[in-house]
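>>> Need a 3D model of the sequence below.
(2 chains)
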Amino acid sequence: MMAQLIVNGLTTGLILALPALALALSFSVLRFANYAIGSYVTVGAFATWWANMYLGLPFWAAAMVGSCAVAAIAVIIDLLVYSRMRERSGLTLLVASMGVAIALENVVRLLAGNSPRSFDVPVARPYRFWDIRVNQEQLIILVTVLGALTLVWLVFRFTRLGRAMRAVADNAPLAAVRGIARGRVIAAVWAISGALAALAGVLIGLDTSIEPQMGWNYLLPIFTAAILGGIASPMAAVAGALVLGLAEEFSTLFLPPHYRMIVAFGIMAALLMLRPWGLFGTKWVQR
Amino acid sequence: MSVTAKSLAAEGLVAGYGGQPVLRGVSFTARAGEILTVVGPNGSGKSTLIKTVLGLIRPIEGRILLDARDITPLSPSQRANAGIGYVPQEANVFPNMTVLENLRLGLDFLQRKGGKAFEARLSEVLDLFPEIRAKLSARAGLLSGGQRQMVAMASALMPEPSVLALDEPSAGLSPRNAELLFEIVARIARSGVTLFLIEQNTRLGLGASDAGLVLVSGEVKLSGKASDILAAPEIRRLYLGGA
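Predicted structure coming up:
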């Protein structure tokens, strides 16, 4: 029973890890919380579904099309909306991102309707390891998320782009003096952020189903996971997602499953009051 | 070190904000390998002058020369690529990155031709700043003020600039650290870099310099050898508390 809860909790956490990382990444460079992250999840799922069902692409290829599409959409939205208010406060940009979220969700409703849908993937029997039941979707989620996280970590740690992203997040005026083109870094951040959110949408759709409100349903857990890890520390947000996933799953021991959202609310409220830089994030140094 | 210093000069600079001039016809010359320090009271236009030299403010009139080349039309990043390094007064390091990463960022994104590879240049720069050699893996934001200033200067030196502009480098440092800093400034100049300093500490700044410039209300009040300026009765009375 305990082992099964841990597996289920880690699966939830792994799905949350991608958009939480995407949210923390854009926050660290642009200093605003992108409320539209949920709608990127939705658009990613539907773009993948469209490529899967209408173009007849295999699921993995459709997922790549969906991720690339949302990466491009995120960059275009930045050019059309956020870049025009770059010097405004984080609050102004947050409100703008609410508008973006509403617009994207309604475009999805307009094009795909309101009914829940599923990907065209073969049904497979779950595996059993001792008493633990692991279905094929959970294994796909595990491999995909770990692969994506490893890739982002490698880019962050060992590439010029990663150093540029961290430098702009740390001290944007100095980064400009050192010859780093902020515009290109911001475009790269949006592309990575969009692709990660889209991939999360694909995995959610694989685990359950897709519908236009799916991103909205995940918004609170995504924000909680990012804040739990440390919203200004992208990789720490991943740890936050795993902790939240486990906490939600263990709450079902003493709460009805449909009250799981209370756990996210409770954790978010406690963190904002007691430790706003998160459990794993480092207190941001500004001197 | 094989850095080749270049002269930095300004001719008749008129510059300011929103079309209102703060600098009124400022001219100076820092010869190759020389330390030139600009002093003056608050509001005299020192910050406007360094911003104009770096290209952060476009002059209304006048020009800036790096050796014989007119760099007035160049953007800040083009000037950095042309060989002008800069250490801001505040927020002059990437505080959440390690010292080594700070040094790497000094070189990574500038496209100077014929520059050395990172490891070779790192070794040269660390010879100038042996104090930070043991701190390479420390987060820059957790260093002391003096150490942070050294990291900032070392980062700016990584791309082998011909001219290094320092904005009030001694601000916030203890007297001992400020003295140490000017010893390092002299070391940098000896390595073949022209130094252009804005400084509040008149005695220390001019004492460590070859040439000086006194700005008052956006105009050059006095210029010439730093030792002559320090000995000038008016400067002693106004800035050094002398009779």
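>>> Just the strands from chain B, written as ranges.
Ranges of strands in chain B, per DSSP state E, are B:8-17, B:20-30, B:35-39, B:61-66, B:69-70, B:84-87, B:163-167, B:194-198, B:211-216, B:219-225.
>>> swap that for the stretch 51-200 of chain A, please
A:127-129, A:132-134 (DSSP state E, counting those that start in this stretch).
>>> And the contacts of the first one?
Yep, that's strand A:127-129 we're talking about. Strand A:127-129 has contacts (Cβ atoms under 8 Å, 6 or more residues apart in numbering or on different chains) with A:133-136, A:139. (Glycine included, C-beta is placed from N, CA and C.)
>>> That strand pairs with which strands, parallel or anti?
Strand A:127-129 pairs in its sheet with strand A:132-134 (antiparallel), by DSSP bridges.
>>> in the partner strand, what's buried?
A:132, A:134 (16 or more other Cβ atoms under 10 Å in any protein chain shown).
>>> From the chain's centroid, how far away is that strand?
Centre-to-centre, strand A:132-134 and its host chain are 25 Å apart (Cα atoms, centre = their mean, to the nearest Å).
>>> Go ahead and name everything in contact with that strand.
So strand A:132-134 is in contact with A:3-4, A:7, A:126-128, going by Cβ under 8 Å, 6+ apart.
>>> which among these gets closest to residue B:174?
Proximity of those to residue B:174 (Cβ to Cβ) peaks at residue A:7, which lies at 57.3 Å.
>>> Please work out how many residues are found near that closest one.
Residue A:7 has 17 neighbours, counted by other Cβ atoms under 10 Å in any protein chain shown.
>>> Ok, residue B:146 next?
19.
>>> picking that back up, out of the strands of chain B, which comes closest to residue A:26?
Ranking those by their distance to residue A:26 (criterion: Cβ to Cβ) puts strand B:84-87 first, at 28.6 Å.
>>> If you count neighbours, what's buried in the closest one?
B:84-87.
>>> Including pLDDT and distance to residue B:100, could these go into JSON lines?
Listed next are those as JSON lines, based on pLDDT from 0 to 100; distance: Cβ to Cβ, whole Å:
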{"residue": "B:84", "pLDDT": "92", "distance to residue B:100": "24"}
{"residue": "B:85", "pLDDT": "91", "distance to residue B:100": "19"}
{"residue": "B:86", "pLDDT": "92", "distance to residue B:100": "21"}
{"residue": "B:87", "pLDDT": "93", "distance to residue B:100": "18"}
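>>> What residues does the closest residue to residue B:84 other than its chain neighbours make contact with?
Among residues not flanking residue B:84 along the chain, residue B:163 sits closest, at 5.0 Å (Cβ to Cβ, 6 or more residues apart in numbering or on different chains). The contact partners of residue B:163, by Cβ under 8 Å, 6+ apart, come to B:5-6, B:8, B:30, B:66, B:83-85, B:193-196.
>>> and if you look at residue B:90?
For residue B:90, the contacting residues are residue B:171, by Cβ under 8 Å, 6+ apart.
>>> Just read off the phi/psi values of it.
Dihedral pair for residue B:90: phi -120, psi 160, per degrees, to the nearest 10.
>>> ok, so what distance separates residue A:251 from chain B?
Distance of residue A:251 to chain B, given as Cβ to the nearest Cβ, to the nearest Å: 34 Å.
>>> try residue A:22
In terms of Cβ to the nearest Cβ, residue A:22 sits 20 Å off from chain B.
>>> element containing that residue, please.
Take DSSP states H and E as the rule and residue A:22 turns out to sit in helix A:2-30.
>>> Figure out how far that helix is from the centre of its chain.
In this view, helix A:2-30 has its centroid 7 Å away from the chain centroid, taken as Cα atoms, centre = their mean.
>>> Can you get me a residue count around residue B:30?
27.
>>> Once you drop chain neighbours, what's closest to it?
If the residues on either side of it in the chain are set aside, residue B:30 comes closest to residue B:36, at 3.7 Å by Cβ to Cβ, 6+ apart.
>>> Next: residue B:235.
In space, and not counting its chain neighbours, residue B:235 is closest to residue B:229: 5.7 Å by Cβ to Cβ, 6+ apart.
>>> again, but for residue A:24
residue A:237 (3.8 Å).
>>> which SSE is the one you found in?
helix A:234-251.
>>> Which elements pack onto that helix?
When contacts are defined as 3 or more Cβ pairs under 8 Å, 6 or more residues apart in numbering or on different chains; DSSP states H and E, helix A:234-251 sits against helix A:2-30, helix A:136-158, helix A:214-229, helix A:260-274.
>>> mind exporting that helix as PDB, just the C-alpha atoms?
Output of helix A:234-251 as PDB, limited to C-alpha atoms (Å, rounded to 0.1, in the frame of the first residue of the first chain):
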ATOM      1  CA  PRO A 234      14.400  26.400 -11.500                       C
ATOM      2  CA  MET A 235      15.900  22.900 -10.700                       C
ATOM      3  CA  ALA A 236      14.700  23.300  -7.100                       C
ATOM      4  CA  ALA A 237      11.100  23.600  -8.400                       C
ATOM      5  CA  VAL A 238      11.500  20.000  -9.600                       C
ATOM      6  CA  ALA A 239      12.100  18.800  -6.100                       C
ATOM      7  CA  GLY A 240       9.100  20.900  -5.000                       C
ATOM      8  CA  ALA A 241       6.900  19.100  -7.500                       C
ATOM      9  CA  LEU A 242       8.000  15.600  -6.300                       C
ATOM     10  CA  VAL A 243       7.300  16.600  -2.600                       C
ATOM     11  CA  LEU A 244       3.900  18.000  -3.600                       C
ATOM     12  CA  GLY A 245       3.100  14.900  -5.600                       C
ATOM     13  CA  LEU A 246       3.900  12.600  -2.600                       C
ATOM     14  CA  ALA A 247       2.100  14.900  -0.200                       C
ATOM     15  CA  GLU A 248      -1.100  14.800  -2.300                       C
ATOM     16  CA  GLU A 249      -0.900  11.100  -2.600                       C
ATOM     17  CA  PHE A 250      -0.400  10.500   1.100                       C
ATOM     18  CA  SER A 251      -3.200  12.800   2.000                       C
END
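>>> Contacts for the element among helices and strands of chain B having the smallest mean pLDDT, please.
The weakest-scoring helix or strand in chain B, judged by mean pLDDT, DSSP states H and E, is helix B:233-239 (a mean of 74). With contact meaning Cβ under 8 Å, 6+ apart, helix B:233-239 is reached by B:39, B:41, B:202-203, B:214, B:222, B:229-230, B:242-243.
>>> Dump the residues you listed to TSV, plus distance to residue A:43, neighbour count and pLDDT.
Listed next are the contacts of helix B:233-239 as TSV, based on distance: Cβ to Cβ, whole Å; neighbours: other Cβ atoms under 10 Å in any protein chain shown; pLDDT from 0 to 100:
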residue	distance to residue A:43	neighbour count	pLDDT
B:39	58	28	92
B:41	58	14	87
B:202	61	21	87
B:203	64	15	87
B:214	62	24	93
B:222	65	16	90
B:229	65	24	90
B:230	67	20	88
B:242	72	11	52
B:243	76	5	46
